[in-house]
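Novice: Next one to model:
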Amino acid sequence: EVQLVESGGGLVQAGGSLRLSCAASGFTFDDYSIGWFRQAPGKEREGVSCISSSDGTTYYADSVKGRFTISSDNAKNLVYLQMNSLKPEDTAVYYCSAVDRSCRLSVGIYYWGKGTLVTISS
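Specialist: Sure thing, here's the model as predicted:
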């Protein structure tokens, strides 16, 4: 059974940090890249970051560049999203997903986790 399980969400004050984790199982980890998405209340889901399994290249949305860092532990099938200097507008449910191996989201988003809630207070 394919599973992507997010953890690490919570409530923090603006300026604080959180580290999200995504644990993957039930599929060959190297066959997919892992992306992080988020969906704020009343807004569409948006891509936040991705780490390519093909060459390790990382990608970030402009809104999080310089504040968020994606990394992976391939031996443990884990992907992390370190989030620093958090802002109230970062409040959202964060999802990890298994995507195209080169992080080409238009090519394929194959599996989703159930999400973890991140709330940033001002």
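Novice: and residue 76, how many neighbours does it have?
Specialist: Other residues lying near residue 76 total 11 when counted by other Cβ atoms under 10 Å. To be clear about C-beta, it is placed using only N, CA and C from the backbone, and glycine gets the same treatment.
Novice: That one is in what secondary structure piece?
Specialist: Under DSSP states H and E, no helix or strand contains residue 76.
Novice: So which elements touch the helix or strand of the chain with the lowest mean pLDDT?
Specialist: Counting by mean pLDDT, DSSP states H and E, the chain has its least confident helix or strand at strand 109-112, which shows a mean of 94. Applying 3 or more Cβ pairs under 8 Å, 6 or more residues apart in numbering; DSSP states H and E, we find strand 109-112 packed against strand 92-99.
Novice: Pull the residues that contact stretch 4-17.
Specialist: Applying Cβ atoms under 8 Å, 6 or more residues apart in numbering, the external contacts of stretch 4-17 come out as 18-24, 82-88, 93-98, 111-122.
Novice: if we go to 6 Å?
Specialist: Here stretch 4-17 makes contact (Cβ atoms under 6 Å, 6 or more residues apart in numbering) with 18-24, 84, 86-88, 96, 111, 113, 115-122.
Novice: who touches the residue positioned nearest the centre of the chain in this structure?
Specialist: With distances taken as Cα atoms, centre = their mean, the residue of the chain nearest its centroid is residue 36 (2.3 Å). Taking Cβ under 6 Å, 6+ apart, we find residue 36 in contact with 48, 49, 81, 96.
Novice: Okay, and the beta partners of the third one?
Specialist: When you say that, I think you mean residue 81. residue 20, residue 70 (DSSP bridges).
Novice: Just give me the neighbour total for it.
Specialist: Neighbour tally, residue 81, other Cβ under 10 Å: 27.
Novice: which residues touch it?
Specialist: Contacts for residue 81 (Cβ under 6 Å, 6+ apart) come out as 20, 36, 70.
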